[in-house]
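Participant: coords please:
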Amino acid sequence: MTISWRVTIVGGEIGVDSGSLRQAGGTLTDEAKAIVTALDTLRKVLDAQGGPWGADELGARFGSEYTGFAAQAFAAIGTYRDQVAFSGGAHSEGARCWVDLERFNSGQARPAGPAR
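Facilitator: Residues are numbered from 1 along each chain as shown. Have a look, this model is predicted:
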């Protein structure tokens with residue numbers, strides 16, 4: 001079930017379309033999965049390279065800096081993925097709640113006029 005609602009306000013219009021919310025939620029969830037896939041692929045490629053900077057003093061210093069930076073970057077991207085996934089779930093849940101609320105509200109409607 002898709003429910004749309006719009007109201008004109010000063011300066012424009014505001015509205016809710018449960019179908020669009022649901023679709024956006026699915027898209028964001030798919031994007032979060034794509035981020036995981038891309039991150040896993042990148043991690044495998046980098047891990048396959050081993051330590052290409054060498055084992056001498058300069059290579060050892062670069063390697064320790066690189067691995068710290070890489071760990072921080074992977075953690076940050078993982079946090080971003082979590083936020084995208086949360087947003088996708090929130091959009092989908094918002095659509096479900098909107099439909100439930102409208103069903104409830106429509107059940108509360110009473111005919112206008114004198115009681116019978």
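Participant: excluding its backbone neighbours, what's nearest residue 82?
Facilitator: residue 32 (7.8 Å; Cβ to Cβ, 6 or more residues apart in numbering). (Glycine included, C-beta is placed from N, CA and C.)
Participant: now residue 98
Facilitator: Closest to residue 98 by Cβ to Cβ, 6+ apart is residue 18, at 4.7 Å.
Participant: ditto for residue 2
Facilitator: Here the residue nearest residue 2, using Cβ to Cβ, 6+ apart, is residue 19, at 3.6 Å.
Participant: give me the element the one you found is part of.
Facilitator: helix 18-48 (DSSP states H and E).
Participant: Name the residues of that helix that are buried.
Facilitator: Within helix 18-48, the residues scored as buried using 16 or more other Cβ atoms under 10 Å are 18, 21-22, 24-25, 28-29, 32, 35, 39.
Participant: Of those residues, which is the nearest to residue 60?
Facilitator: residue 39 (26.5 Å; Cβ to Cβ).
Participant: before we move on, the earlier item: who are the packing partners of the helix holding residue 19?
Facilitator: helix 57-108 (3 or more Cβ pairs under 8 Å, 6 or more residues apart in numbering; DSSP states H and E).
Participant: what's the distance between the helix it packs on and the middle of its chain?
Facilitator: 6 Å (Cα atoms, centre = their mean, to the nearest Å).
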